[in-house]
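Q: let's see this in three dimensions:
(one chain, ligands or ions: 1)
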Amino acid sequence: MAYAAFRSIGAYVPPKIMTNADFEKIIDTSDEWITKRTGIKERRISEVNEASSDLGAKAAQVAIERAGIAKEDIDLVICATVTPDYLCMPSTACLIASKLELPPVQAFDVSAACTGFVYATSVAKAFVESGMKKNVLIIGAETYSSILDYTDRGTCFIFGDGAGAAIISATENKEESIIDVNCSSDGNYEDLIKTPGGGSKHPCSQEVLEQKMACIKMKGNETFKLAVRTLTSDVEVMMKKHNITPEDINHFIPHQANMRIITAVGKALGMNEEQTVVTVDKYGNTSAASIPMAMNYAYEQGKIKAGDTVLFDAFGGGLTWGSALFKFAPKK
Ligand code: UT7
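A: Below is the predicted model of the structure:
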(Lines give C-alpha, C1' and ligand atoms only; values in the text may rest on other atoms or scores of the structure.)
Protein backbone atom coordinates (compact mmCIF):
# COMPACT_ATOMS: atom_id res chain seq x y z
CA MET A 1 0.00 0.00 0.00
CA ALA A 2 1.17 3.53 -0.75
CA TYR A 3 1.32 6.05 2.07
CA ALA A 4 1.14 9.84 1.74
CA ALA A 5 4.11 11.90 2.96
CA PHE A 6 4.07 15.66 3.64
CA ARG A 7 7.22 16.56 1.69
CA SER A 8 7.53 20.35 1.66
CA ILE A 9 6.00 23.67 2.61
CA GLY A 10 6.12 27.10 0.96
CA ALA A 11 4.33 30.42 1.11
CA TYR A 12 4.02 33.82 -0.50
CA VAL A 13 2.79 37.04 1.05
CA PRO A 14 2.25 40.21 -0.95
CA PRO A 15 4.64 42.96 0.20
CA LYS A 16 1.99 45.64 0.82
CA ILE A 17 1.26 45.99 4.57
CA MET A 18 -1.94 47.40 6.05
CA THR A 19 -1.48 48.31 9.73
CA ASN A 20 -4.03 48.91 12.45
CA ALA A 21 -3.17 52.61 12.15
CA ASP A 22 -4.35 52.43 8.52
CA PHE A 23 -7.72 51.12 9.78
CA GLU A 24 -7.97 54.01 12.25
CA LYS A 25 -8.21 56.26 9.17
CA ILE A 26 -11.16 54.43 7.58
CA ILE A 27 -13.28 52.96 10.42
CA ASP A 28 -14.09 53.89 14.01
CA THR A 29 -11.43 51.76 15.71
CA SER A 30 -8.02 51.92 17.37
CA ASP A 31 -4.77 49.99 17.28
CA GLU A 32 -5.26 49.36 20.99
CA TRP A 33 -8.72 47.79 20.52
CA ILE A 34 -7.68 45.59 17.59
CA THR A 35 -4.51 44.45 19.36
CA LYS A 36 -6.35 43.66 22.59
CA ARG A 37 -9.33 41.89 20.97
CA THR A 38 -7.43 39.97 18.26
CA GLY A 39 -3.64 40.20 18.62
CA ILE A 40 -3.46 41.43 15.02
CA LYS A 41 -1.00 44.26 14.30
CA GLU A 42 -0.87 44.15 10.51
CA ARG A 43 -1.96 42.14 7.47
CA ARG A 44 -0.86 41.91 3.80
CA ILE A 45 -2.92 43.23 0.91
CA SER A 46 -2.45 42.18 -2.71
CA GLU A 47 -2.12 44.68 -5.54
CA VAL A 48 -5.09 45.61 -7.71
CA ASN A 49 -5.59 42.77 -10.23
CA GLU A 50 -3.29 40.48 -8.23
CA ALA A 51 -5.54 37.47 -7.78
CA SER A 52 -5.46 34.33 -5.63
CA SER A 53 -3.87 32.33 -8.48
CA ASP A 54 -0.96 34.80 -8.59
CA LEU A 55 -0.30 34.39 -4.86
CA GLY A 56 -0.91 30.63 -5.03
CA ALA A 57 1.48 30.08 -7.95
CA LYS A 58 4.28 31.89 -6.11
CA ALA A 59 3.73 29.83 -2.95
CA ALA A 60 3.55 26.63 -5.03
CA GLN A 61 6.84 27.42 -6.76
CA VAL A 62 8.58 27.48 -3.37
CA ALA A 63 6.94 24.21 -2.25
CA ILE A 64 7.91 22.46 -5.51
CA GLU A 65 11.54 23.62 -5.29
CA ARG A 66 11.82 22.54 -1.66
CA ALA A 67 10.32 19.11 -2.46
CA GLY A 68 12.97 18.69 -5.15
CA ILE A 69 10.54 17.23 -7.68
CA ALA A 70 10.14 17.98 -11.37
CA LYS A 71 7.02 19.88 -12.35
CA GLU A 72 6.23 17.10 -14.84
CA ASP A 73 5.89 14.69 -11.93
CA ILE A 74 3.00 16.58 -10.32
CA ASP A 75 -0.14 14.66 -11.21
CA LEU A 76 -2.79 16.56 -9.21
CA VAL A 77 -3.27 20.21 -8.19
CA ILE A 78 -5.79 21.15 -5.51
CA CYS A 79 -6.38 24.76 -4.50
CA ALA A 80 -8.31 25.59 -1.35
CA THR A 81 -9.85 29.03 -1.66
CA VAL A 82 -13.04 30.99 -1.11
CA THR A 83 -11.67 33.97 -3.02
CA PRO A 84 -11.16 32.32 -6.42
CA ASP A 85 -10.04 34.44 -9.38
CA TYR A 86 -13.45 33.83 -10.96
CA LEU A 87 -16.76 33.13 -9.26
CA CYS A 88 -17.52 29.98 -11.26
CA MET A 89 -14.83 29.08 -13.77
CA PRO A 90 -12.07 28.43 -14.51
CA SER A 91 -10.96 27.07 -11.16
CA THR A 92 -8.04 28.76 -9.43
CA ALA A 93 -6.19 25.42 -9.44
CA CYS A 94 -6.34 25.35 -13.27
CA LEU A 95 -4.90 28.87 -13.40
CA ILE A 96 -2.13 28.03 -10.94
CA ALA A 97 -1.17 24.94 -12.97
CA SER A 98 -1.00 27.10 -16.07
CA LYS A 99 1.07 29.84 -14.35
CA LEU A 100 3.51 27.15 -13.18
CA GLU A 101 3.67 25.85 -16.79
CA LEU A 102 2.75 22.34 -15.72
CA PRO A 103 1.88 19.87 -18.46
CA PRO A 104 -1.88 19.08 -18.65
CA VAL A 105 -2.87 17.85 -15.18
CA GLN A 106 -5.99 17.18 -13.10
CA ALA A 107 -6.70 20.39 -11.17
CA PHE A 108 -9.64 21.54 -9.08
CA ASP A 109 -10.58 23.80 -6.15
CA VAL A 110 -11.97 22.88 -2.76
CA SER A 111 -14.25 25.30 -0.95
CA ALA A 112 -14.13 24.91 2.83
CA ALA A 113 -13.27 28.47 3.91
CA CYS A 114 -10.63 28.58 6.67
CA THR A 115 -10.58 24.76 6.86
CA GLY A 116 -9.74 24.53 3.15
CA PHE A 117 -6.10 23.53 3.46
CA VAL A 118 -6.93 20.69 5.85
CA TYR A 119 -9.66 19.52 3.46
CA ALA A 120 -7.10 19.65 0.60
CA THR A 121 -4.68 17.61 2.72
CA SER A 122 -7.34 14.94 3.26
CA VAL A 123 -8.14 14.75 -0.47
CA ALA A 124 -4.45 14.55 -1.40
CA LYS A 125 -3.90 11.78 1.17
CA ALA A 126 -6.82 9.77 -0.21
CA PHE A 127 -5.67 10.12 -3.84
CA VAL A 128 -2.13 9.05 -2.95
CA GLU A 129 -3.14 6.16 -0.69
CA SER A 130 -5.54 4.83 -3.32
CA GLY A 131 -2.64 4.70 -5.77
CA MET A 132 -4.34 7.10 -8.20
CA LYS A 133 -1.76 9.91 -7.81
CA LYS A 134 1.90 10.13 -6.78
CA ASN A 135 2.71 13.82 -6.28
CA VAL A 136 -0.06 16.21 -5.27
CA LEU A 137 0.41 19.98 -5.09
CA ILE A 138 -1.96 21.49 -2.53
CA ILE A 139 -2.40 25.22 -2.13
CA GLY A 140 -4.34 27.56 0.16
CA ALA A 141 -4.62 30.96 -1.53
CA GLU A 142 -6.77 33.91 -0.57
CA THR A 143 -7.26 37.55 -1.51
CA TYR A 144 -9.79 38.48 1.17
CA SER A 145 -9.23 42.14 0.37
CA SER A 146 -11.42 41.47 -2.69
CA ILE A 147 -14.45 40.45 -0.58
CA LEU A 148 -14.13 42.84 2.37
CA ASP A 149 -16.52 45.67 3.05
CA TYR A 150 -14.13 48.31 4.37
CA THR A 151 -17.01 50.07 6.13
CA ASP A 152 -17.87 46.97 8.22
CA ARG A 153 -15.92 47.74 11.41
CA GLY A 154 -16.78 44.38 12.99
CA THR A 155 -15.09 42.31 10.28
CA CYS A 156 -12.79 44.11 7.83
CA PHE A 157 -9.73 44.49 10.08
CA ILE A 158 -9.39 40.74 10.75
CA PHE A 159 -8.61 39.40 7.29
CA GLY A 160 -5.57 39.56 5.02
CA ASP A 161 -4.16 38.12 1.80
CA GLY A 162 -1.56 35.42 1.21
CA ALA A 163 -0.91 31.85 0.09
CA GLY A 164 0.75 28.67 1.28
CA ALA A 165 1.45 25.39 -0.51
CA ALA A 166 2.76 21.88 0.05
CA ILE A 167 3.72 18.74 -1.85
CA ILE A 168 2.17 15.45 -0.73
CA SER A 169 3.92 12.45 -2.28
CA ALA A 170 3.61 8.69 -2.27
CA THR A 171 5.97 6.73 -0.02
CA GLU A 172 6.32 3.11 1.00
CA ASN A 173 7.66 4.10 4.40
CA LYS A 174 4.80 4.15 6.89
CA GLU A 175 7.01 6.00 9.41
CA GLU A 176 6.95 9.16 7.27
CA SER A 177 3.26 9.08 6.36
CA ILE A 178 0.45 11.47 7.18
CA ILE A 179 -1.08 9.74 10.19
CA ASP A 180 -4.65 11.02 9.99
CA VAL A 181 -6.84 13.83 8.67
CA ASN A 182 -10.31 14.35 10.03
CA CYS A 183 -12.71 16.86 8.45
CA SER A 184 -16.33 17.73 9.11
CA SER A 185 -19.03 20.38 8.58
CA ASP A 186 -22.42 21.63 9.73
CA GLY A 187 -24.37 23.74 7.25
CA ASN A 188 -26.96 24.63 9.89
CA TYR A 189 -24.57 27.42 10.87
CA GLU A 190 -24.45 28.90 7.36
CA ASP A 191 -25.40 32.38 8.55
CA LEU A 192 -22.41 32.87 10.85
CA ILE A 193 -19.92 33.54 8.05
CA LYS A 194 -21.30 34.12 4.60
CA THR A 195 -21.00 35.98 1.30
CA PRO A 196 -24.77 36.14 0.70
CA GLY A 197 -24.85 37.62 -2.83
CA GLY A 198 -23.43 36.89 -6.26
CA GLY A 199 -24.11 33.13 -6.25
CA SER A 200 -27.15 31.21 -7.54
CA LYS A 201 -29.22 32.06 -4.44
CA HIS A 202 -28.90 35.82 -4.98
CA PRO A 203 -27.38 36.33 -8.42
CA CYS A 204 -25.57 39.56 -9.14
CA SER A 205 -28.09 42.44 -9.20
CA GLN A 206 -28.31 46.10 -8.32
CA GLU A 207 -29.44 45.07 -4.82
CA VAL A 208 -26.44 42.73 -4.40
CA LEU A 209 -24.11 45.57 -5.36
CA GLU A 210 -25.81 48.25 -3.25
CA GLN A 211 -26.04 46.04 -0.15
CA LYS A 212 -22.45 44.79 -0.68
CA MET A 213 -23.87 41.25 -0.54
CA ALA A 214 -20.85 39.78 -2.33
CA CYS A 215 -18.72 40.83 0.64
CA ILE A 216 -18.13 38.62 3.68
CA LYS A 217 -20.64 39.06 6.53
CA MET A 218 -19.60 37.55 9.85
CA LYS A 219 -21.31 37.27 13.22
CA GLY A 220 -17.98 37.60 15.00
CA ASN A 221 -18.94 37.01 18.60
CA GLU A 222 -21.06 33.89 17.98
CA THR A 223 -18.37 32.54 15.66
CA PHE A 224 -15.71 33.16 18.30
CA LYS A 225 -17.42 30.95 20.88
CA LEU A 226 -18.01 28.10 18.41
CA ALA A 227 -14.42 28.40 17.14
CA VAL A 228 -12.99 27.87 20.63
CA ARG A 229 -15.27 24.90 21.33
CA THR A 230 -14.83 23.21 17.96
CA LEU A 231 -11.06 23.73 17.60
CA THR A 232 -10.65 22.19 21.05
CA SER A 233 -12.97 19.18 20.68
CA ASP A 234 -11.65 18.43 17.20
CA VAL A 235 -8.11 17.94 18.49
CA GLU A 236 -9.26 16.12 21.63
CA VAL A 237 -10.90 13.52 19.37
CA MET A 238 -7.77 13.23 17.22
CA MET A 239 -5.45 12.83 20.23
CA LYS A 240 -7.71 10.28 21.88
CA LYS A 241 -8.04 8.27 18.66
CA HIS A 242 -4.24 8.00 18.36
CA ASN A 243 -3.57 7.74 22.07
CA ILE A 244 -1.28 10.77 22.14
CA THR A 245 -0.82 13.71 24.51
CA PRO A 246 0.31 17.32 23.88
CA GLU A 247 3.89 16.23 24.70
CA ASP A 248 3.85 14.08 21.53
CA ILE A 249 3.26 17.16 19.34
CA ASN A 250 6.25 19.25 18.24
CA HIS A 251 4.25 21.91 16.38
CA PHE A 252 0.62 22.76 17.02
CA ILE A 253 -0.59 24.92 14.11
CA PRO A 254 -4.09 26.29 14.75
CA HIS A 255 -6.06 28.43 12.32
CA GLN A 256 -4.87 32.01 12.75
CA ALA A 257 -8.12 33.93 13.34
CA ASN A 258 -7.69 35.62 16.67
CA MET A 259 -4.96 35.42 19.35
CA ARG A 260 -7.61 35.05 22.05
CA ILE A 261 -8.98 31.95 20.27
CA ILE A 262 -5.48 30.48 19.87
CA THR A 263 -4.70 31.10 23.57
CA ALA A 264 -8.00 29.65 24.80
CA VAL A 265 -7.70 26.54 22.63
CA GLY A 266 -4.03 26.04 23.51
CA LYS A 267 -4.85 26.30 27.21
CA ALA A 268 -7.79 23.89 26.99
CA LEU A 269 -5.65 21.35 25.14
CA GLY A 270 -2.55 21.79 27.28
CA MET A 271 -0.33 23.03 24.43
CA ASN A 272 2.45 25.37 25.54
CA GLU A 273 3.61 28.56 23.84
CA GLU A 274 6.80 27.00 22.44
CA GLN A 275 4.94 24.34 20.48
CA THR A 276 2.14 26.65 19.26
CA VAL A 277 2.81 28.48 16.00
CA VAL A 278 1.45 32.05 15.90
CA THR A 279 1.44 34.41 12.91
CA VAL A 280 -1.90 36.17 13.40
CA ASP A 281 -0.06 39.31 14.60
CA LYS A 282 1.75 39.61 11.25
CA TYR A 283 -0.76 38.38 8.70
CA GLY A 284 -4.22 38.49 10.32
CA ASN A 285 -6.66 35.80 9.23
CA THR A 286 -5.84 34.52 5.74
CA SER A 287 -8.48 31.77 5.78
CA ALA A 288 -7.39 28.72 3.73
CA ALA A 289 -3.86 30.15 3.54
CA SER A 290 -3.52 30.66 7.28
CA ILE A 291 -2.28 27.19 8.30
CA PRO A 292 0.28 26.65 5.49
CA MET A 293 1.53 30.24 5.90
CA ALA A 294 2.00 29.62 9.63
CA MET A 295 3.77 26.31 8.98
CA ASN A 296 6.03 27.97 6.43
CA TYR A 297 6.85 30.73 8.90
CA ALA A 298 7.93 28.20 11.54
CA TYR A 299 9.86 26.25 8.88
CA GLU A 300 11.76 29.35 7.75
CA GLN A 301 12.55 30.14 11.39
CA GLY A 302 14.32 26.76 11.45
CA LYS A 303 11.86 25.34 13.95
CA ILE A 304 10.29 22.53 11.89
CA LYS A 305 12.65 19.67 11.18
CA ALA A 306 12.41 16.30 9.42
CA GLY A 307 10.52 13.79 11.54
CA ASP A 308 8.77 16.41 13.70
CA THR A 309 5.14 15.70 14.55
CA VAL A 310 2.81 18.44 13.33
CA LEU A 311 -0.85 18.98 14.20
CA PHE A 312 -3.10 21.26 12.12
CA ASP A 313 -6.34 22.52 13.68
CA ALA A 314 -8.78 24.47 11.48
CA PHE A 315 -12.24 26.03 11.71
CA GLY A 316 -14.21 28.26 9.35
CA GLY A 317 -17.28 29.20 7.36
CA GLY A 318 -19.74 26.47 6.51
CA LEU A 319 -19.28 25.74 9.29
CA THR A 320 -16.32 23.50 8.56
CA TRP A 321 -13.57 22.15 10.77
CA GLY A 322 -10.77 19.64 10.66
CA SER A 323 -7.42 18.52 11.99
CA ALA A 324 -4.42 16.77 10.47
CA LEU A 325 -1.70 14.82 12.25
CA PHE A 326 1.53 14.01 10.43
CA LYS A 327 5.31 13.65 10.50
CA PHE A 328 7.05 16.30 8.43
CA ALA A 329 8.92 14.22 5.86
CA PRO A 330 11.10 16.28 3.52
CA LYS A 331 12.90 14.15 0.93
CA LYS A 332 16.39 13.17 2.13
O1 UT7 B 1 -11.81 32.54 10.39
C2 UT7 B 1 -13.11 32.10 10.56
C3 UT7 B 1 -13.52 32.16 11.93
N4 UT7 B 1 -13.63 33.53 12.36
C5 UT7 B 1 -13.35 33.81 13.59
O6 UT7 B 1 -12.95 32.95 14.33
C7 UT7 B 1 -13.61 35.21 14.06
C8 UT7 B 1 -14.10 35.14 15.47
N9 UT7 B 1 -14.51 36.44 16.02
C10 UT7 B 1 -13.65 37.35 16.49
O11 UT7 B 1 -12.45 37.25 16.31
C12 UT7 B 1 -14.23 38.47 17.30
O13 UT7 B 1 -15.58 38.21 17.53
C14 UT7 B 1 -14.06 39.88 16.68
C15 UT7 B 1 -12.61 40.30 16.75
C16 UT7 B 1 -14.56 39.88 15.27
C17 UT7 B 1 -14.86 40.90 17.48
O18 UT7 B 1 -14.48 40.86 18.84
P19 UT7 B 1 -15.59 40.73 19.98
O20 UT7 B 1 -14.87 40.78 21.25
O21 UT7 B 1 -16.39 39.49 19.69
O22 UT7 B 1 -16.42 42.03 19.78
P23 UT7 B 1 -18.00 42.24 19.68
O24 UT7 B 1 -18.46 42.02 18.28
O25 UT7 B 1 -18.69 41.48 20.78
O26 UT7 B 1 -18.11 43.77 20.05
C27 UT7 B 1 -17.69 44.26 21.33
C28 UT7 B 1 -17.66 45.77 21.28
C29 UT7 B 1 -18.95 46.38 20.73
O30 UT7 B 1 -19.19 47.58 21.45
P31 UT7 B 1 -20.28 47.63 22.63
O32 UT7 B 1 -21.57 47.21 22.01
O33 UT7 B 1 -19.77 46.66 23.66
O34 UT7 B 1 -20.23 49.05 23.07
C35 UT7 B 1 -18.57 46.74 19.31
O36 UT7 B 1 -19.33 47.80 18.79
O37 UT7 B 1 -16.61 46.20 20.41
C38 UT7 B 1 -17.13 47.12 19.43
N39 UT7 B 1 -16.39 46.96 18.20
C40 UT7 B 1 -15.28 47.66 17.91
N41 UT7 B 1 -14.61 48.60 18.60
C42 UT7 B 1 -13.50 49.12 18.04
C43 UT7 B 1 -16.65 46.10 17.18
N44 UT7 B 1 -15.71 46.25 16.21
C45 UT7 B 1 -14.87 47.22 16.65
C46 UT7 B 1 -13.71 47.79 16.10
N47 UT7 B 1 -13.06 48.74 16.83
N48 UT7 B 1 -13.21 47.43 14.90
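Q: what sits against Ala51?
A: Listed by C-beta atoms under 8 Å, 6 or more residues apart in numbering, the contact set of Ala51 reads Asp85, Thr92, Leu95, Thr143, Ser146. The way it works is simple: take the backbone N, C-alpha and C, and place the C-beta from them, glycine included.
Q: pretty sure the first one is in contact with Leu95, am I right?
A: Yes. If you go by C-beta atoms under 8 Å, Asp85 and Leu95 touch, sitting 5.7 Å apart.
Q: list residues touching both of the two?
A: With C-beta under 8 Å, 6+ apart, Asp85 and Leu95 have common neighbours Ala51, Ser53.
Q: residues touching the residue of the stretch 151-300 of the chain found nearest the ligand, list them.
A: Here the stretch 151-300 of the chain gets closest to the ligand at one residue, Gly220, 2.9 Å apart by C-beta to the nearest ligand atom. When contacts are counted by C-beta under 8 Å, 6+ apart, Gly220 touches Gly154, Thr155, Ile158.
Q: roughly how far apart are the closest residue in space to the second one that isn't next to it in sequence and Ile193?
A: Which is Thr155. Nearest non-adjacent residue to Thr155, counting by C-beta to C-beta, 6 or more residues apart in numbering: Met218, 4.8 Å away. Remark: distance between Met218 and Ile193 (C-beta to C-beta, to the nearest Å) = 5 Å.
Q: and what of Ile179?
A: Taking C-beta to C-beta, one finds Ile179 at 29 Å from Ile193.
Q: of these two, which one has the most company?
A: Neighbour tally, Ile179 and Ile193, criterion other C-beta atoms under 10 Å: the higher count belongs to Ile193, 23 against 18.
Q: which residues are contacting stretch 59-74?
A: By C-beta under 8 Å, 6+ apart, stretch 59-74 touches 7-12, 77, 96, 100-103, 105, 134-137, 139, 141, 163-167, 169, 289, 292, 296, 330-331.
Q: equivalent analysis for stretch 257-271, please.
A: The contact list for stretch 257-271 (C-beta under 8 Å, 6+ apart) reads 37-40, 114, 158, 224, 227-228, 231-232, 235-236, 239, 245-246, 249, 252, 254, 256, 272-273, 276, 278, 280-281, 285, 290, 313, 315.
Q: which among these count as buried?
A: 37-40, 114, 158, 224, 227-228, 231-232, 235, 239, 246, 249, 252, 254, 256, 276, 278, 280, 285, 290, 313, 315 (16 or more other C-beta atoms under 10 Å).
Q: pretty sure Ile45 sits against Ser146.
A: No. Using C-beta under 8 Å, Ile45 is not in contact with Ser146; the gap is 9.9 Å.
Q: between those two, tell me which one has more neighbours.
A: Ile45 (24 against 18).
Q: quick one: pLDDT of that one?
A: On pLDDT, Ile45 comes in at 98.
Q: check contacts around the closest residue in space to Phe159 that isn't next to it in sequence.
A: Distances taken as C-beta to C-beta, 6+ apart place Tyr144 nearest to Phe159, at 3.8 Å, with adjacent residues excluded. Residues near Tyr144 by C-beta under 8 Å, 6+ apart: Thr83, Phe159, Gly160, Asp161, Ile216, Asn285, Thr286, Ser287.
Q: then Met295?
A: Ile9, Gly164, Ala166, His251, Ile253, Val277, Ile304, Val310, Phe312.
Q: how close does the residue nearest the centre of the chain sit to Thr83?
A: Nearest to the geometric centre of the chain sits Ala288, at 2.5 Å (C-alpha atoms, centre = their mean). Using C-beta to C-beta, we find Ala288 at a distance of 9 Å from Thr83.
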